[in-house]
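Undergrad: Take this sequence and fold it.
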Amino acid sequence: MPTCSNLYLGVNDMKSKDVIKQELNTNLSAAMQSKDPAALTDAFADFAVKLQADVVEDAKAYQQTQDSAILARRDVRQLTAEEKKFYSDVMGGLKAHFDNPKMAFTGLDSTTLPTTVIDNVLSDIQSSFPILSAINFQNTSAITKFVVNKQGMQLATWGALNTKIATELSGAIGTVEITQNKLTAFMAVSRDMLDVGPEWMDAYVRAVLAEALGYGLSQGIVAGTGKDMPIGMTKDLNGSVTNGVYPDKAPITITDLSVKTIGGIAATLAQGPNGRKRPVPSILMVVNPVDYFTLVMPAMTYLNTSGTYINNVLPYPSQVVQDINVPSKRAIFGLASKYFMGVGKGGSGGQLEYSDEFQFLDDNRVYKIKMYGNGQPLDNNAFVVADISGLTPLKHQVLVVNPTTSPVNTKAVTA
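TA: From the prediction side, this is the model:
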C-alpha cells in the first residue's frame, strides 16, 4: 500500500504538469469567485499538496542528474544567511516534532518569513498577475501605516505668511492602514519535503504564496468591498457605506473607443481632489478575458487595405489588462498610479503557524501564513466604470478622392 505522499506523486504522473497547474488555477479561481471560505481553504490546500509533490519530484531529479535546467524551471535561488537559517530552523523543528506540529515551533528564534522572501514573492506575482505590475504596488513589511499623496505633485502657491499649510494640502494627503486586512495561504508539508533542503523549501513556499496572494490581491484591487479587504476600483468612495461595504460605481455607457469617448473619460480622470486638475499621462483599462476577446479586441482592431490586421488601436496612450474579477460587460478605466496597494508582514504578519482549519492526511501537516495588506483608490475620480455591452467593432475610415470632383468621399469599412 503506497503512502499518501507517494499516492499524490502517482496522480501527478498521470497528467502533464501544465494540465495540473491549469486545473489548480481553475479551482482557485472558482473558489475565489464563490467567496466560500471552506471552498477556498480546500482549493489552496489541494493546490499546495500537489505543488509540493511536484517540487519534491524535481528536487529528487536534480539530486540524480545535477541538471541546472531543473533549478531554473523551479526558480530555486541562492538564499541569504537569514533565509537559510529560517528554513533550516523550521525544517529541523518539523523533523523533530512532525507528529506534534505545535511543538515544532517551540524554541525557534523566529517563525516569521524574512523580508527578502516577501520581496521575491511580490516580484513573482507582479509578473503573473498583470494588474499588480500596473498599479502602485509596494512591500510595506516594516510599517503598519503608509502615507499617500492623493493629488500627485502639489503646485507651489503664493499666500500670506500665516496661511495654514493644512488648508493648502487638505484632501491631498491620506493614510492607508496596512494591518487592517490579512490574506491567508495554506501549505501542506510532508516528511519528503523536509529532506530536500532549504533552497527547495523556499521555492515551494514562494510558489504557494505567489498564487495565493496573486489571486487574493487582484480580487481586492478590482472589486474589493472594503469590508475586511481592500476597496476595489469598481467601488464608489463617496457612496453610502453599509456595514463596511462600499457600493458599486454607477457605470457610464460607451459604444466605441473613439477619440471623443476616450477623451471624455480622460477628462473625468483629470479632475483631482478639491477641484484641482491633474495630467493624465496614460490610461489603464481593465476588462475580463471573455469581454476582451468578444467586445474590446474587435473595438480596437481593423483590417487595412493591404490585408493586415492593425491591433490595439486607441486614440490615447493606454494599457489594457485582463483580469477575471472584472464583472461581465464592464470595463474599468483609470490612473494606475492612483491605486495604492501595500502588502507585507505588517508587524506580526508573515508568521508561519500550524493550522487546524484543514484536517489533512497523516503524511502531511498543514500550515498557514498570514500576510497583511490593504489598498484603495486614492480618490473617487481615479477610476471610471463603463458598461461595454454595446461596444461595436472598429470601423476603418477609407478616404476615396475623385480628382474630377472636389468633395472627398469617406467610406466606413468594418473589419
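Undergrad: longest strand of this protein?
TA: Secondary structure assigned by DSSP state E gives strand 364-377 as the longest strand of the chain.
Undergrad: Which strands or helices does it pack on?
TA: helix 37-65, strand 173-177, strand 181-190, helix 198-223, strand 339-344, strand 351-354 (3 or more C-beta pairs under 8 Å, 6 or more residues apart in numbering; DSSP states H and E). Backbone N, C-alpha and C define where each C-beta goes, glycine included.
Undergrad: Repeat the analysis, applying 7 Å as the threshold.
TA: For strand 364-377, the elements it packs on are strand 173-177, strand 181-190, helix 198-223, strand 339-344, strand 351-354, judged by 3 or more C-beta pairs under 7 Å, 6 or more residues apart in numbering; DSSP states H and E.
Undergrad: got the contact list for the last one?
TA: By that I understand strand 351-354. Strand 351-354 has contacts (C-beta atoms under 7 Å, 6 or more residues apart in numbering) with Val90, Pro101, Lys102, Thr111, Thr112, Leu113, Tyr367, Lys368, Ile369, Lys370.
Undergrad: hey, which of the helices and strands packed on strand 364-377 is tucked in deepest?
TA: strand 339-344 (a mean of 25; mean count of other C-beta atoms under 10 Å).
Undergrad: any idea of the mean pLDDT in that one?
TA: Throughout strand 339-344, pLDDT has a mean value of 83.
Undergrad: if we can go back for a sec, please identify which of the helices and strands packed on strand 364-377 is closest to Pro37.
TA: Of all these, it is strand 181-190 that lies closest to Pro37, at 9.6 Å by C-beta to C-beta.
Undergrad: Report the mean confidence score over the closest one.
TA: According to the model, strand 181-190 has a mean pLDDT of 78.
Undergrad: Over to stretch 62-79?
TA: 84.
Undergrad: Check stretch 245-255 too.
TA: pLDDT averaged over stretch 245-255 gives 96.
Undergrad: Is the nearest residue to Val49 once chain neighbours are set aside bridged to anything, and to what?
TA: Nearest non-adjacent residue to Val49, counting by C-beta to C-beta, 6 or more residues apart in numbering: Ala188, 4.1 Å away. With DSSP bridges as the criterion, Ala188 is bridged to Val366.
Undergrad: can you start the count at 58 instead of 1 from here on
TA: Renumbered: residue one is now 58, and that last one reads Ala245.
Undergrad: I'd say Ala245 and Leu108 touch.
TA: No: the pair Ala245 / Leu108 is not scored as a contact, 8.9 Å apart, by C-beta atoms under 7 Å.
Undergrad: so the helix or strand harbouring Val178 versus strand 238-247, what angle?
TA: Secondary structure from DSSP states H and E places Val178 in helix 172-185. Comparing the axes of helix 172-185 and strand 238-247 via axes from the mean of the first three to the mean of the last three C-alpha atoms, to 10 degrees yields an angle of 100 degrees.
Undergrad: quick one: helix 172-185 to chain centroid distance?
TA: 11 Å (C-alpha atoms, centre = their mean, to the nearest Å).
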